[in-house]
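Asker: got a predicted structure plus its sequence, pasted below:
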Amino acid sequence: MKKALIIVDLQRDFCPGGALPAAGGNGIVPVINKLMQSFDLVIASKDWHPARTVHFDRWPPHCIRGSEGAAFHPELNIGRIDEVALKGTGNSDDGYSAFEATNLDLAYVLEKQGIAEVYVSGLTTEYCAKATALDALKAGFKTFVITDAIAAVNQQPGDDAKALSGMQAAGILLLQSSGISPSENN
């Protein structure tokens, strides 16, 4: 059974020191780097916003395409990433889910590669990671969220716990990275 790792928005602006940081953003990078070798396919998403977008009516400007803030975390092993899904690329597209990418059809890419299981990691727990996991489930993939490979913004205390319980209630399986075995195909 082939499996894919989706690394959601592990970009500078979502890490400490960025425009919209998740406090634990830096801490998940070593976990994700170690995990990559256990998957048949590794896909990373990026917020790739234009300089002016209605998305910034709700959020501070972040991940503006081509900016330093839109770059992947400097310690992320980008050499292991097979595809990059760009989202939030238009004026009306919030692009929370990696499945909303405008440069590729993520569900099609996963199906074409024979992927049956999707494992979600990255930033942030209660927004883009959650939206990606829910869309993976809707697309028919057995979906997991790796709880020690995600981090939350927590605008309100407990947002992360609510997001995790909501995902679990929807049928998404939660696990720690230590519970993932290497793919037979690697």
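Answerer: Looks like it came in fine. Numbering: from 1, shown residues only.
Asker: hey, let's count contacts and neighbours off CA atoms from now on
Answerer: Will do.
Asker: wait, is G79 part of a helix?
Answerer: Yes. Looking at G79 with DSSP: H, G, I helix; E, B strand; the rest coil, it is inside a helix.
Asker: pull the number of nearby residues for it.
Answerer: 6 (other Cα atoms under 10 Å).
Asker: how close does it get to M36?
Answerer: With distances taken as Cα to Cα, to the nearest Å, G79 is found 10 Å from M36.
Asker: for the longest helix along the chain, packing partners?
Answerer: Ranked by residue count under DSSP state H, the longest helix found in the chain is helix 159-170. Packing partners of helix 159-170 (3 or more Cα pairs under 8 Å, 6 or more residues apart in numbering; DSSP states H and E): helix 130-138, strand 173-175.
Asker: where along the chain do the helices fall?
Answerer: 29-35, 106-112, 130-138, 159-170.
Asker: now render those as CSV, adding mean pLDDT and mean neighbour count.
Answerer: Converted to CSV, these look like this (pLDDT from 0 to 100; neighbours: other Cα atoms under 10 Å):
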stretch, mean pLDDT, mean neighbour count
helix 29-35, 98, 17
helix 106-112, 98, 15
helix 130-138, 98, 23
helix 159-170, 98, 16
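Asker: nearest to R12, out of these?
Answerer: helix 29-35 (11.5 Å; Cα to Cα).
Asker: and stretch 43-62, which residues are buried?
Answerer: By neighbour count on 16 or more other Cα atoms under 10 Å, the buried set for stretch 43-62 is 43-51, 53, 55, 61-62.
Asker: turn these into JSON lines, columns for pLDDT.
Answerer: Shown next, in JSON lines, are these (pLDDT from 0 to 100):
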{"residue": "I43", "pLDDT": "98"}
{"residue": "A44", "pLDDT": "98"}
{"residue": "S45", "pLDDT": "98"}
{"residue": "K46", "pLDDT": "98"}
{"residue": "D47", "pLDDT": "97"}
{"residue": "W48", "pLDDT": "96"}
{"residue": "H49", "pLDDT": "96"}
{"residue": "P50", "pLDDT": "95"}
{"residue": "A51", "pLDDT": "94"}
{"residue": "T53", "pLDDT": "93"}
{"residue": "H55", "pLDDT": "92"}
{"residue": "P61", "pLDDT": "96"}
{"residue": "H62", "pLDDT": "96"}
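Asker: looking at those, which are in strands?
Answerer: I43, A44, S45, K46, D47 (DSSP state E).
Asker: hey, what's the last one bridged with?
Answerer: Here D47 sits in beta bridges with K87, as judged by DSSP bridges.
Asker: no further queries at this time; thank you.
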